[in-house]
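Asker: dropping the sequence and predicted coords here.
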There are 2 protein chains.
Amino acid sequence: MFTLHPRLEQDTFLIKKLEISQLRLMNDSRYPWVMLVPERPDVTDLHHLSGTDYAAVMQEIREVSIRMEDLFSPFKMNMGALGNLVPQLHIHIIARDKEDDAWPGPVWGVGEARPYTEPAKNSLLEKISKTI
Amino acid sequence: MFTLHPRLEQDTFLIKKLEISQLRLMNDSRYPWVMLVPERPDVTDLHHLSGTDYAAVMQEIREVSIRMEDLFSPFKMNMGALGNLVPQLHIHIIARDKEDDAWPGPVWGVGEARPYTEPAKNSLLEKISKTI
């Protein structure tokens, strides 16, 4: 049975459930940063998904990337599946700008997360969930 | 017309051409690190590919990830499409180990690349191209 990894539970908020994945918002207001967590137990890597699940998750990534780009008009979208610290498969989709804290490097491991205020979080969850 | 970005030309070696992408080896012997560069002009992001090309490139990513994992038995595979410095679409696939120079962080921007010797490069190009 799929159970969300406690670290992902702690660091992210559920936006909505897609066909295969939970779409979640990273609690770091420095970047528009969402995450797809396929609801498949014991999977650590994209290429370990079944062929059918892989294709479906890849379509979710495409759809979410398009919507995030529409919503935030970033300079660049970043996508990555690392999982070096949290083994449960999760795919990062991040809208990047030339003025953001980590530019032009990757966002992972840079400084401290800046959590959303409750109103900012709720407004963003609504904004993203309405579009995707 | 597609032309490889000069920075990618400089930092990587061609392993072989797949259906859509060039499969290239990063000239950094610290990690088994390959890159897919879809031969499509003026594309910066995966989700900007046509639906057909996107699905095909995603299958290439899957196939290459599986082969790289078979070849190098890493602790974890990392996959990412960033493009903050080199805008031409390229997808990194990296076999990671707990003892590598950047673990558990991402590899990008960490220290200096350690170029392959000519024999090491040739042997690795042959090893990977025979398998993929």
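Answerer: On my side now, so go ahead. Residues are numbered from 1 along each chain as shown, chains lettered A, B, ... in the order given.
Asker: got the residues of chain A near chain B?
Answerer: A:44-47, A:54-55, A:58, A:61-62, A:65-66, A:69, A:76-85, A:87, A:96, A:103-106, A:108-109 (Cβ under 8 Å from any Cβ of the partner chain). Bear in mind the C-beta positions are built from the backbone N, C-alpha and C, glycine included.
Asker: try 6 Å this time
Answerer: A:45, A:47, A:54, A:58, A:62, A:65-66, A:76-82, A:84-85, A:104-106, A:108-109 (Cβ under 6 Å from any Cβ of the partner chain).
Asker: quick one, what contacts the residue nearest to A:Lys76 when sequence neighbours are not counted?
Answerer: Using Cβ to Cβ, 6 or more residues apart in numbering or on different chains and skipping residues adjacent in sequence, the residue nearest A:Lys76 is A:Arg96, 4.7 Å away. Residues near A:Arg96 by Cβ atoms under 6 Å, 6 or more residues apart in numbering or on different chains: A:74, A:76, A:78.
Asker: with A:Met58 instead?
Answerer: Going by Cβ under 6 Å, 6+ apart, A:Met58 touches B:Met58.
Asker: element containing it, please.
Answerer: Per DSSP states H and E: A:Met58 is located in helix A:51-72.
Asker: how far off centre is that helix?
Answerer: The chain centroid and the centroid of helix A:51-72 are separated by 11 Å under Cα atoms, centre = their mean, to the nearest Å.
Asker: hey, C-alpha coordinates of that helix in CSV?
Answerer: C-alpha atoms of helix A:51-72 as CSV (Å, rounded to 0.1, in the frame of the first residue of the first chain):
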residue,chain,number,x,y,z
GLY,A,51,5.7,0.8,-18.8
THR,A,52,2.1,2.0,-18.5
ASP,A,53,2.6,3.9,-15.3
TYR,A,54,5.8,5.4,-16.7
ALA,A,55,4.0,6.8,-19.7
ALA,A,56,1.1,8.1,-17.6
VAL,A,57,3.4,9.8,-15.1
MET,A,58,5.4,11.4,-17.9
GLN,A,59,2.1,12.8,-19.3
GLU,A,60,1.4,14.2,-15.8
ILE,A,61,4.8,15.8,-15.7
ARG,A,62,4.2,17.4,-19.2
GLU,A,63,0.7,18.7,-18.2
VAL,A,64,1.9,20.1,-14.9
SER,A,65,5.0,21.8,-16.5
ILE,A,66,2.8,23.5,-19.1
ARG,A,67,0.4,24.8,-16.5
MET,A,68,3.1,26.0,-14.1
GLU,A,69,4.8,27.8,-17.0
ASP,A,70,1.4,29.4,-17.9
LEU,A,71,0.8,30.4,-14.3
PHE,A,72,4.1,31.8,-13.3
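Asker: thank you, goodbye.
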